[in-house]
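> sequence? don't have it. structure:
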């Protein structure tokens, strides 16, 4: 998807990542950074596309939480959350932490794998202003995407060195 759709593919996959857990940013962004190093895209474009896609992808869960509220969503998670490896009490604890830190919680959660997508729920429960939610989400995600894309870019720029493992050289046994 990233190879075929370029920046749109990065943004789309990062948006989906917020709702569908098996599509981690830890794979999307380094690959996009790798392609940027190979001249297929710019590193800045990859980072911005990833951050925009992720911030926009956070809106569906935020909107559901805002519309249905903590009790309804928590009850649903208690009934069906085992498929998501999530429990209602996890949402209650996240909401309590969110109430103490609000915008900072959204910002810093974007730097934590596993928490990134879920912060949308407490923000929605608290009816956080959507513009503030999106701005803090975008800024935190921008850092996350930059780190991951840069790592992929570094690999792409040095791929020949990494790939240059000579199989014809004799290998010495580790334990002689």
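Now that the structure is in, tell me what you want to look at. Quantities reported herein were computed from a predicted structural model and do not represent experimental measurements.
> Local confidence estimate at the one residue sitting closest to the centre of the chain?
The centre of the chain sits closest to residue 25, judged by Cα atoms, centre = their mean, with a distance of 4.4 Å. Here the pLDDT value assigned to residue 25 is 81.
> if I read this right, it contacts residue 116, doesn't it?
Yes: using Cβ atoms under 8 Å, residue 25 makes contact with residue 116 at a distance of 7.3 Å. All C-beta spots, glycine's among them, are computed from the backbone N, C-alpha and C.
> Determine the residues that are contacts of both of these two.
54, 144 (Cβ atoms under 8 Å, 6 or more residues apart in numbering).
> Show me the shaky parts of the chain.
20-23, 81-85, 162-176 (pLDDT under 70).
> and residue 161, how many neighbours?
Other residues near residue 161 number 9, with proximity taken as other Cβ atoms under 10 Å.
> That one and residue 33, how far apart?
17 Å (Cβ to Cβ, to the nearest Å).
> picking that back up, not counting sequence-adjacent ones, nearest residue to the residue nearest to the centre of the chain?
Nearest residue to residue 25, sequence neighbours excluded (Cβ to Cβ, 6 or more residues apart in numbering): residue 17, at 5.3 Å.
> Burial check on that neighbour, number of neighbours?
24.
> Do I have it right that it meets residue 113?
No: the pair residue 17 / residue 113 is not scored as a contact, 10.7 Å apart, by Cβ under 8 Å.
> overlap in contacts of these two?
Joint contacts of residue 17 and residue 113 (Cβ under 8 Å, 6+ apart) are 24, 25.
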